[in-house]
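1. Using only what follows, build the 3D model:
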Amino acid sequence: MLPLRAPQTRLVHVIKRNTWHRPARNYSGMKGSSSTSSISKAIKYLGIASVVGVPVWLLMDTHDKVPRLESPPTEHLVVGPGPSRDEVTRIISQNAYSFQVKDLAGVSRYDGAQLASNNPCEDRFIHGKFPSPWNHGNQWMAWAVLDGHAGWQTADLLEKQLIPFVRLSLGQVRSAPGEGYVSDELVQRAITKGFMNLDESIVNSGSDAFQSTEPLQDKVKKLALGYAGSCALLSMYDPATSTLHVACTGDSRAVLGQKSPDGKWEAIPLSVDQTGDNQEEIARLKKEHPGEEEIVKDKRVLGMMVSRAFGDCRWKWPLEMQKVMVRKFYGIPPLTPTYDFRTPPYLTAEPVVTSTKIDPTKPSFLIMATDGMWFTLSNEQSVDLVGRWVESQLALKKNIEPEPKYEPFDFGQYWKGVNWRFVDERGTIQDGNAAVHLIRNCLGGNHHEMIAGQLAFNAPSSRRVRDDITVQVVFFTS
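-> Coordinates of the predicted model:
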């Protein structure tokens, strides 16, 4: 409450001395005008503002901008319906893209799509052309899906810097004396070096922030890259040699679909999931950390599903440094005492790189996707789905399918015999984008209530029924 006799301010004294006690002057035509009234109001507002202590502009704004709550009284709850068939198509297509490739031999087109479950989405992707590391004037193509976890920050960094790091490493490679080309082995080593250098920079940025004198906000930004993590699946195509190089860190997956002479589509794996369920990965970890028998338990590496990843520095930083980070920067607590943390690092970003010659005489395509799709689709099913999609496009006629009839559905039916993974009976071709086509089928295909029910969830509840899904499909020229 204001005092009854508020003390006058310097502003009020000035106004009284210069305005209120000044002899009245008679200006012709101004008596009773709106201008005189406006000046008087302004003076009044200035005086009030000086006493009350509120901004002058707030008192002078006489327009009422308060929202009107005009909904009529009711006792009935109104909730909108879940996604319709058209809305399902809109949701799974809203982040889709498709490009015809005109001036690069060996690739005719590629499609992509992304469906978020997290908010913001933790997945990222890359696609496009870049100059050949060796043949000036020529171009390579690259595609990547980046599956972030524990935050989006690491995947977001990879989207911006994975290709530059790999390009730098490739540019340092030279062909052997007397040979006019660079061997696949040298390319694989260069890609691996680019991956490792980038992850080392992420790990060191946290260590550097720990010791630096830079502002707190800058340190926190750098540490976020280390606390989050990301898988990375990168494919690079060299048209000069018709070679597809695929580098995998984590559990995103690449598979090549190739048409056999008998007309069937063959699924050729180009990567292997690197998880705590992979026996080769388990053997590698036990060899690197002898005596630590609990390093892999329940198919997880000290609680982490993947055995290779960028970031995830709680599995890489020294324990004592992590403890200090908790105190100084509100860092995430270390894995101890829940897990037996002795000899970090336990995770690596080192990729497994494969090189495959694309046969131009055989129709073929590449499918790349984060694990959100592979939860419900196998390699063979995904290749079969895209193969059918290709043939429907070549037929140049719209695919007309009879409307399937299903019993009313709820998720409890997964425990009563309804398969939550893809089955052929639910396969459908409705979309003009091959990546969207895969997303639709991995979620439920022609079973509208199954797919719409999953899409009706918003973050964070949606993570109970689906993960972020990112898909790319590349069609090679035949």
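
2. where along the stretch 1-150 of the chain do the strands fall?
-> Assigned by DSSP state E, counting those that start in this stretch, the stretch 1-150 of the chain shows strands spanning 97-100, 107-115, 123-131, 139-149.

3. name the helices or strands packed onto the third one?
-> Just to be clear, that refers to strand 123-131. Applying 3 or more C-beta pairs under 8 Å, 6 or more residues apart in numbering; DSSP states H and E, one finds that strand 123-131 contacts strand 107-115, strand 139-149, helix 153-171, strand 469-476. Every residue, glycine included, has its C-beta placed from N, CA and C.

4. What are the contacting residues of the longest one?
-> Think helix 153-171. 122-126, 130, 133, 142, 144, 146-148, 187, 190-191, 193-195, 197-198, 202, 224-225, 227-230, 232, 234, 236, 310-312 (C-beta atoms under 8 Å, 6 or more residues apart in numbering).

5. Kindly report the same for stretch 328-348.
-> So stretch 328-348 is contacted by 199, 203, 210, 216, 219-220, 223, 227, 229, 285, 289, 292, 294-295, 301-304, 306-309, 312, 314-319, 322-323, 325-326 (C-beta under 8 Å, 6+ apart).

6. swap the cut-off to 6 Å and go again
-> 223, 227, 289, 294, 301-303, 308-309, 312, 314-316, 319, 322, 325-326 (C-beta atoms under 6 Å, 6 or more residues apart in numbering).

7. Also stretch 425-433?
-> Ala96, Ser98, Asp111, Trp389, Ser392, Asn399, His437, Gly445, Asn446, His447.

8. ok, back up a step: compare the strands of the stretch 1-150 of the chain and give me the one nearest Ala452.
-> strand 107-115 (13.3 Å; C-beta to C-beta).

9. Okay, now the sheet partners of the closest one, with direction.
-> Strand 107-115 sits in its sheet next to strand 97-100 (antiparallel), strand 469-476 (antiparallel), going by DSSP bridges.

10. Which of these sits closest to Glu87?
-> strand 469-476 (17.4 Å).

11. List the buried residues in stretch 100-117.
-> Val101, Gly106, Val107, Arg109, Tyr110, Asp111, Gly112, Ala113, Gln114, Leu115, Ala116, Ser117 (16 or more other C-beta atoms under 10 Å).

12. how about the helices in this protein?
-> 10-15, 34-52, 56-60, 85-93, 153-171, 184-211, 216-227, 279-288, 319-329, 371-374, 379-394, 434-443, 448-455 (DSSP state H).

13. can you redo these as a markdown table with mean neighbour count, distance to Lys362 and mean pLDDT?
-> A markdown table is the format used below for the helices of the chain (neighbours: other C-beta atoms under 10 Å; distance: least, C-beta to C-beta, whole Å; pLDDT from 0 to 100):
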| stretch | mean neighbour count | distance to Lys362 | mean pLDDT |
| --- | --- | --- | --- |
| helix 10-15 | 13 | 85 | 38 |
| helix 34-52 | 13 | 80 | 60 |
| helix 56-60 | 12 | 72 | 59 |
| helix 85-93 | 15 | 30 | 98 |
| helix 153-171 | 20 | 27 | 97 |
| helix 184-211 | 18 | 20 | 93 |
| helix 216-227 | 18 | 42 | 93 |
| helix 279-288 | 14 | 30 | 97 |
| helix 319-329 | 15 | 51 | 93 |
| helix 371-374 | 24 | 24 | 98 |
| helix 379-394 | 19 | 12 | 96 |
| helix 434-443 | 26 | 18 | 98 |
| helix 448-455 | 20 | 33 | 97 |
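
14. Same list (the ones you listed) but as TSV, adding distance to Val255.
-> Output for the helices of the chain, formatted as TSV (distance: least, C-beta to C-beta, whole Å):
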stretch	distance to Val255
helix 10-15	76
helix 34-52	70
helix 56-60	63
helix 85-93	21
helix 153-171	21
helix 184-211	19
helix 216-227	30
helix 279-288	19
helix 319-329	38
helix 371-374	9
helix 379-394	5
helix 434-443	11
helix 448-455	23
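
15. Could I get the CA-only coordinates of stretch 246-264 as CSV?
-> Coordinates of each C-alpha in stretch 246-264 appear next as CSV, following Å, rounded to 0.1, in the frame of the first residue of the first chain:
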residue,chain,number,x,y,z
VAL,A,246,29.6,-47.8,-44.6
ALA,A,247,30.8,-46.9,-41.1
CYS,A,248,28.8,-48.0,-38.1
THR,A,249,29.2,-46.9,-34.5
GLY,A,250,26.3,-48.2,-32.3
ASP,A,251,23.1,-50.0,-33.3
SER,A,252,21.7,-48.1,-36.3
ARG,A,253,21.8,-50.4,-39.3
ALA,A,254,22.5,-50.5,-43.0
VAL,A,255,21.3,-53.2,-45.4
LEU,A,256,21.6,-53.4,-49.2
GLY,A,257,18.7,-54.7,-51.2
GLN,A,258,19.7,-56.3,-54.5
LYS,A,259,17.5,-58.0,-57.1
SER,A,260,18.5,-61.6,-58.1
PRO,A,261,18.1,-63.0,-61.6
ASP,A,262,15.1,-64.9,-60.4
GLY,A,263,13.4,-61.6,-59.5
LYS,A,264,13.6,-61.9,-55.7
